[in-house]
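structure of the sequence below:
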Amino acid sequence: MVCAVVSENSKDYVINISEQDVVIVREIEGEAELEELESYSRGIIDAIANEYDQKVLIGISSMVDNLKDLAKAYKEARIALEVGKV
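Sure thing, here's the model as predicted:
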């Protein structure tokens, strides 16, 4: 489902964590603007809601410079989701 809404031309990687959890690793060159990340996230939420009638929650982490820090970024995004539920 997520693969269908993430552009094939992008440098995004979709990783299935579980039946309900998916991670998108997005390659960003330079500094990312908050508005750009919000727009990208909103596009995914809207596309999945319109195409599949499913609710989506998105947690965003800080940027990392290398693959070894992805686990830390994943935990950070999970915490953002938990804090957002309150």
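
mind giving me the packing neighbours of whichever helix in the chain runs longest?
The longest helix of the chain (DSSP state H) is helix 34-52. Where contact means 3 or more Cβ pairs under 8 Å, 6 or more residues apart in numbering; DSSP states H and E, helix 34-52 is packed against helix 2-5. Quick note: C-beta positions are derived from backbone N, CA and C, even for glycine.

now whatever helix or strand comes next after the helix it packs on: average pLDDT?
Once helix 2-5 ends, the next helix or strand along the chain (criterion: DSSP states H and E) is strand 12-16. Averaging pLDDT along strand 12-16 gives 87.

tell me which strands strand 12-16 pairs with, and in which orientation.
Strand 12-16 has these partner strands in its sheet, going by DSSP bridges: strand 22-26 (antiparallel).

off-centre distance for the partner strand?
Centroid separation between strand 22-26 and its chain, computed with Cα atoms, centre = their mean, to the nearest Å, is 5 Å.

next, the buried residues of that strand.
When neighbours are counted by 16 or more other Cβ atoms under 10 Å, the buried residues of strand 22-26 are found to be 22-24.

which elements pack onto the very next helix or strand once past the longest helix of the chain?
Next helix or strand after helix 34-52 toward the C-terminus (DSSP H and E): helix 70-85. Helix 70-85 sits against strand 22-26, with contacts defined as 3+ Cβ pairs under 8 Å, 6+ apart.
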